[in-house]
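S.K.: sharing a sequence plus its predicted fold:
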Amino acid sequence: MELVASLDFPEEKLAGWRERLVLDKTPAQPSRIGKRDEQGMAPLSSTQERLFFRQQMDPESWHYNIPVALWISGRLDEAALEQALREIVRRHEVLRTTFKFTNGELLQHIGDIEQWELRRVDLSGVEETEREEKAQCIVQEEGCTPFDLTAGPLFRARLVVLTGARHVLILNMHHAISDGTSLRIFARELAGLYGSYSRGQASTLPELAIQYGDYAAWQRAHVNGPVVHPQLTYWKKQLADAPALTLPTLKPSSMLCSNAGACHTFEIHGKVAAGLEELGRSAGATLFMTVLAAFNVLLSRYSGQLDITIGTPIAGRTRKEFENLIGCFVNTLVLRNNLGGNPSFRELLKRTRKLALQAYGNQ
């Protein structure tokens, strides 16, 4: 099966209603997630295993890097910033994790906080006309530098000093330890901790009840339990004989994997956006489901096909315990819709709503 279509909405706009739908539709979940027995190690989550495998296939790849560059103007308390970053690394074990084989089993190994450091690059002595360009080069270099998943660190941070009132904070994490929701958690904690430390106050963040490694251990037990079998049955039936999508492009499709993709971003405003939301509400559907139905129509018109498969990311944070954890929970669901029978758009929207709810319930 070849997946060549995707639909990717800003995750912050989707996470809330997605999780509510999932929690309403999923079967009763196991008891609360507790601390694992072995605190220095943990099994890999299924997502981490997949990403580790991909990285071994192409060790020099940087395509699963998650780099962020923060350009900071004004006075910066470097000591408070470093203290805040180190506290986040202490709080979240996954940020000091590496993957190593132990007795033939691939495991997460939790490193010590003392092994992590904030690297500092001082460009204040460089000619003013060259500083910004050099800083941009450092940002580009960091973003394109691959991670060694077995040696680490999988979270790197660099502070570039341009002047006393101008800095660049470069953060880079491998996708195996982070995702889009994790970045928002990181940013929230960094802002709060920096504010406290710069005023000489202690952290007000409560300790985390569980760590990502506890989630991974729970997931292993969960996957080996009775929940997985009906979900596998659903997906085997849902994706059986799914056709590849054939679009009329200028170049023929290649069997070789390539990262030479692109994005086209646009916004829908005013009456059109309001109309889409109202149309969805009239069918008990979300805005995502409404646009997904329209995307199905678009792909069907271009391809001449009625059986359409579309991949879309989902946050994967289906339990309250995951809300404040940094780690990779995200998953990609395949939504397969059939436009046969010449349905009206409202009928197609009903099909799409049902399809989406079933997929969320079997994620």
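M.R.: Arrived safely, thanks for sending. Predicted, not measured: the structure shown is a model, and the values here were computed from it.
S.K.: which residue is the nearest non-sequential neighbour of the residue most central in space within the chain?
M.R.: The structure's the chain has its C-alpha centroid closest to D179; by CA atoms, centre = their mean the separation is 2.9 Å. Excluding the flanking residues, the one nearest D179 by CB to CB, 6 or more residues apart in numbering is V330, at 4.2 Å. Heads up, the C-betas are built off the backbone N, CA and C, glycines and all.
S.K.: quick one: the strands in this protein?
M.R.: 41-43, 65-73, 97-102, 105-110, 119-122, 155-163, 166-174, 307-314, 331-338 (DSSP state E).
S.K.: parallel or antiparallel, which strands does the third one pair with?
M.R.: Pointing back at strand 97-102 there. strand 105-110 (antiparallel) (DSSP bridges).
S.K.: tell me the mean pLDDT over the partner strand?
M.R.: For strand 105-110, the mean per-residue pLDDT is 96.
S.K.: buried sites along that strand?
M.R.: By 16 or more other CB atoms under 10 Å, the buried positions in strand 105-110 come out as 106-110.
S.K.: how far away from the center of its chain is that strand?
M.R.: 21 Å (CA atoms, centre = their mean, to the nearest Å).
S.K.: again with stretch 329-338
M.R.: That offset, for stretch 329-338, works out to 14 Å (CA atoms, centre = their mean).
S.K.: list the helices and strands the helix of greatest length in the chain packs on?
M.R.: Using DSSP state H, we find that the single longest helix of the chain is helix 180-198. Applying 3 or more CB pairs under 8 Å, 6 or more residues apart in numbering; DSSP states H and E, one finds that helix 180-198 makes contact with helix 11-25, helix 78-91.
S.K.: who touches it?
M.R.: Identification of contacts with helix 180-198 by CB atoms under 8 Å, 6 or more residues apart in numbering yields 11-12, 15, 66, 68, 77, 79-81, 83-85, 87-88, 91, 171, 173, 178, 202-205, 315, 317, 324-330.
S.K.: just the angle between that helix and strand 166-174, please?
M.R.: Between helix 180-198 and strand 166-174, the angle comes out at 140 degrees (axes from the mean of the first three to the mean of the last three CA atoms, to 10 degrees).
S.K.: what's the angle from helix 180-198 to helix 78-91?
M.R.: Computed by the same axes, to 10 degrees, the angle between helix 180-198 and helix 78-91 is 130 degrees.
S.K.: average pLDDT for helix 180-198?
M.R.: Taken as a whole, helix 180-198 has a mean pLDDT of 96.
S.K.: can you list the low-confidence ranges for the protein?
M.R.: 1-31, 224, 250 (pLDDT under 70).
S.K.: which parts of it belong to which domain?
M.R.: Following automatic domain parsing, one finds the domains of the chain at 11-29+227-241+268-361, 41-210.
S.K.: now the first one, how far from the centre of its chain.
M.R.: Which is domain 11-29+227-241+268-361. Here domain 11-29+227-241+268-361 is found 17 Å from its chain centre; the criterion is CA atoms, centre = their mean.
S.K.: surely R32 and E321 touch.
M.R.: Yes: counting by CB atoms under 8 Å, R32 touches E321, with 7.1 Å between them.
S.K.: the more surrounded of the two?
M.R.: Per other CB atoms under 10 Å, whichever of R32 and E321 has more neighbours is E321, with 17 against 11.
S.K.: ok, back up a step: for I268, see how far away the residue nearest to the centre of the chain is.
M.R.: Between D179 and I268 the computed distance is 26 Å (CB to CB, to the nearest Å).
S.K.: which residues sit in contact with V126?
M.R.: K134.
S.K.: same thing but at 10 Å, please
M.R.: Listed by CB atoms under 10 Å, 6 or more residues apart in numbering, the contact set of V126 reads 132-135, 162.
S.K.: count the residues that sit near the residue nearest to T352 when sequence neighbours are not counted.
M.R.: Spatial nearest neighbour of T352, excluding adjacent residues (CB to CB, 6+ apart): A293 at 4.2 Å. When neighbours are counted by other CB under 10 Å, A293 registers 28.
S.K.: I figured A293 hits K350, correct?
M.R.: Yes: the pair A293 / K350 is scored as a contact, 9.1 Å apart, by CB atoms under 10 Å.
S.K.: where do the contact lists of these two overlap?
M.R.: With CB under 10 Å, 6+ apart, A293 and K350 have common neighbours 283, 285, 343.
S.K.: run the chain-centre distance for stretch 206-226.
M.R.: 18 Å.
S.K.: in it, which residues are buried?
M.R.: By 16+ other CB under 10 Å, the buried positions in stretch 206-226 come out as 210-220.
S.K.: phi first, then psi, for C257.
M.R.: C257 adopts backbone torsions of phi -70, psi 140, taken as degrees, to the nearest 10.
S.K.: do you know how far it is from D179?
M.R.: Applying CB to CB to C257 and D179 gives a distance of 22 Å.
S.K.: what does Y360 give?
M.R.: 17 Å.
S.K.: again with P226
M.R.: P226 is 28 Å from D179, by CB to CB.
S.K.: got it, and Q83?
M.R.: Distance, Q83 to D179, using CB to CB: 25 Å.
S.K.: any chance of the domains of the chain in JSON lines, with distance to T249 too?
M.R.: Shown next, in JSON lines, are the domains of the chain (distance: least, CB to CB, whole Å):
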{"stretch": "domain 11-29+227-241+268-361", "distance to T249": "10"}
{"stretch": "domain 41-210", "distance to T249": "22"}
